[in-house]
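Enquirer: Sequence first, predicted coordinates after that:
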There are 2 protein chains.
Amino acid sequence: MVRIVIDAMGSDEHPAPDVEGAVAAARAYGVEIILVGDEALIRPTLEKQNAQGLNIRIVHAPDMLTMEDKGEALLLKARAKDAKNSMAVGIDLVKSGEADAFVTAGNTGAGMATAIFRLGRIRGVDRPALAPIFPTAKGSCVVLDIGANPNCKPENLLQFGILGSVYAEKVRGVKNPKVGLISNGEEEGKGNELIQNTTPLFKASSLNYVGNVEGKEVIGGAVDVAVVDGFTGNVMLKTSEAVAKLIVDTIRSTIKNGNLQTKIGGMLVKPALSAVKKMINPSEQGAATMLGVNGLVFIAHGRSDALAIQNSIRVAKEAVEVNVLEAMKNAIEESVKK
Amino acid sequence: MVRIVIDAMGSDEHPAPDVEGAVAAARAYGVEIILVGDEALIRPTLEKQNAQGLNIRIVHAPDMLTMEDKGEALLLKARAKDAKNSMAVGIDLVKSGEADAFVTAGNTGAGMATAIFRLGRIRGVDRPALAPIFPTAKGSCVVLDIGANPNCKPENLLQFGILGSVYAEKVRGVKNPKVGLISNGEEEGKGNELIQNTTPLFKASSLNYVGNVEGKEVIGGAVDVAVVDGFTGNVMLKTSEAVAKLIVDTIRSTIKNGNLQTKIGGMLVKPALSAVKKMINPSEQGAATMLGVNGLVFIAHGRSDALAIQNSIRVAKEAVEVNVLEAMKNAIEESVKK
């Protein structure tokens, strides 16, 4: 039975969405759930659920990391041996082998730092990366790094490509994933210095490298894995989310402030707009994953509801079942040998 | 009378939108228009317009730069003293003082290279930047650089800030424009090396620097000018355009494939969707401008229609009237003295 640790203190509305999503996942996927966090908060929430007969237990963690945790102070907390926050306690359960994967909807930076310090890196990986799933015109694309590494070297990007490719193949079920390097133009000769120095490494690799891609190819679905430095990737992710929100908000307010005809039309097309809202809801695509750390860690959006948590747990379970961690280790080892 | 040169060979559907937009601008704004390009193509298009009494003339340029022009070959064409392509001929008219500004909807890279080589730079500007206008929740934002400079140094970004601020104030009419530096997080300490080294320069400048901003602040309208290196800016722009297109396409196809109720609703909300289409149409915001070259050059989207060309000419005229070039020169000179 796959054992998943959930950070019950993760989401903005914790612990309700986190606990409810975990219970739903235990029921739907037959996973064992370990809820970490303040037991006094978790217990009553759990008791409200119809969780009898499900394999769920609580591991008490009195502290929590919040959005206020950043910079040097965060790194100390992520590192501290005796840390009692829910992320550290939860990730330690993965490290000790008591659980197979950790899922949190908490502070992304805190989740990344805690995972890197407590689990360490896969041998041969210099920098782990955060990899969310972007919705595209043809389905989805694994994009990495979107924030763990603002400064990258060519070798970092190559490792991101290898990790992302294995993840897309094993967990997303894409055969021979198409890998692209994000650039300011597809032609060779385009790109900043980093991209120009990285392109030869991708060409010489055993990746299914299809060339350099622009944002429109990524969103258009031309590749299954898109590699980018963490600075550009982060700007790209946040701008995309903001543009999507602006468009949906504009449609909504235009309808709301429109004449009667527009308002009636708005009611009638509501299902169509829900499809879009679903597509652009970061929770719908499941959690982002930390690739390159020596363990499975999934970081969901802070705005996650119970369904988003449940989805994230499903993805975590699938990642455990296909043993993506072992596959990544092997792929990195192969690439180092070359 | 303000004299504007239009590249009649610019837009994807040239010369019709370019010529029609120019005629409309001559009529609406009382500008003098110089159409450059293949006279044999321009003349019949112009004759179809009701252009009697307007101040419009044609300057023949037998060659044109296309999307195929790139790399070294493009640089040679942009540079060649005897170049006979419409961009070179048009920009030379600005350089010689026969015209006040140049507008093209042609190949962006070709427009940038031709402007830089033929007009040269404003004294004190190391790297000119391409500055489009992004739609935001509160209006619009000047974003630069979005592609001229994939590799930037801190001083380049500072110059972008100065140029963008003057442009926003003079041409966009924003008092004391708020300037932000695009980063992967607002807190100090965030950012890649470039941003960390650039932040002190912005702080020490006389800009109304409001701090570092994420994509969501830019799109949310928190700043009037957003400064970014040309690599990240280009990825940001193209991803934004692609996300906007994906959402609009998804809404359209959901309505088209929906049931009768959805289809009726779709007809009723059409005006609301047009507002969004208008907002995200790159042409609606007017052309991007090359800031830092010693002359006024505007580069509109290749998909520009006549209205977009007309809009671009209006912006060019306003830029001439407020003498933004002189203001930028003064601002750069001031900053160098400091």
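Expert: Received the coordinates, thanks.
Enquirer: Spatially central residue for chain A, please.
Expert: Nearest residue to the geometric centre of chain A (Cα atoms, centre = their mean): residue A:288, 0.4 Å.
Enquirer: Point to the helix or strand of chain A where mean pLDDT is at its lowest.
Expert: Ranked by mean pLDDT, DSSP states H and E, the weakest helix or strand in chain A is helix A:260-280, scoring a mean of 82.
Enquirer: Does it pack against any helices or strands, and if so which?
Expert: helix A:230-256, helix B:230-256, helix B:260-280 (3 or more Cβ pairs under 8 Å, 6 or more residues apart in numbering or on different chains; DSSP states H and E). Placement of C-beta: from N, CA and C, glycine included.
Enquirer: where does the residue nearest to the centre of chain A land on pLDDT?
Expert: On the pLDDT scale, residue A:288 is placed at 93.
Enquirer: Could you pull up phi and psi at the residue nearest to it when sequence neighbours are not counted?
Expert: Sequence neighbours aside, residue A:132 is the residue nearest to residue A:288 in space, at 3.7 Å (criterion: Cβ to Cβ, 6 or more residues apart in numbering or on different chains). Torsion angles at residue A:132 (phi, psi; degrees, to the nearest 10) stand at phi -90, psi 170.
Enquirer: since we're on residue A:132, how many residues are nearby?
Expert: Residue A:132: 24 surrounding residues under other Cβ atoms under 10 Å in any protein chain shown.
Enquirer: Any figure for the gap between it and chain B?
Expert: 13 Å (Cβ to the nearest Cβ, to the nearest Å).
Enquirer: and if you look at residue A:126?
Expert: The value you get for residue A:126 to chain B, if Cβ to the nearest Cβ is used, is 16 Å.
Enquirer: now swap in residue A:254 and tell me
Expert: Per Cβ to the nearest Cβ, residue A:254 is found 4 Å from chain B.
Enquirer: repeat for residue A:36
Expert: Distance, residue A:36 to chain B, by Cβ to the nearest Cβ: 27 Å.
Enquirer: Quick check: phi and psi at that residue.
Expert: As for residue A:36, its main-chain torsions (degrees, to the nearest 10) stand at phi -110, psi 140.
Enquirer: who touches the spatially closest residue to it that is not a sequence neighbour in this structure?
Expert: Spatial nearest neighbour of residue A:36, chain neighbours left out: residue A:90 (4.1 Å); criterion: Cβ to Cβ, 6+ apart. Taking Cβ atoms under 8 Å, 6 or more residues apart in numbering or on different chains as the criterion, residue A:90 is in contact with A:5-7, A:34, A:36, A:59, A:61, A:99, A:102, A:104.
Enquirer: try it again with 10 Å
Expert: A:4-10, A:34-37, A:59, A:61, A:99, A:101-104, A:106, A:111, A:114, A:118, A:297 (Cβ atoms under 10 Å, 6 or more residues apart in numbering or on different chains).
Enquirer: same deal with residue A:226?
Expert: Shown in contact with residue A:226 (Cβ under 10 Å, 6+ apart): A:131, A:134, A:136, A:141-144, A:146, A:160-161, A:164, A:178-182, A:213, A:215, A:217-219, A:233, A:236.
Enquirer: if you set the cut-off to 6 Å instead, what comes out?
Expert: By Cβ atoms under 6 Å, 6 or more residues apart in numbering or on different chains, the contact list for residue A:226 reads A:141, A:143, A:180, A:182, A:218.
Enquirer: Run through those and flag the ones next to chain B.
Expert: Contacts with chain B within these, counted by Cβ under 6 Å from any Cβ of the partner chain: residue A:182.
Enquirer: Export the contacts of residue A:226 as a markdown table, with columns for neighbour count, secondary structure and pLDDT.
Expert: Formatted as a markdown table, those follow (neighbours: other Cβ atoms under 10 Å in any protein chain shown; DSSP: H, G, I helix; E, B strand; the rest coil; pLDDT from 0 to 100):
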| residue | neighbour count | secondary structure | pLDDT |
| --- | --- | --- | --- |
| A:141 | 29 | strand | 94 |
| A:143 | 27 | strand | 96 |
| A:180 | 25 | strand | 97 |
| A:182 | 26 | strand | 97 |
| A:218 | 26 | helix | 95 |
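Enquirer: hey, where'd the helices end up in the stretch 51-200 of chain A?
Expert: Ranges of helices in the stretch 51-200 of chain A, per DSSP state H, counting those that start in this stretch, are A:71-79, A:86-95, A:108-119, A:154-170, A:193-204.
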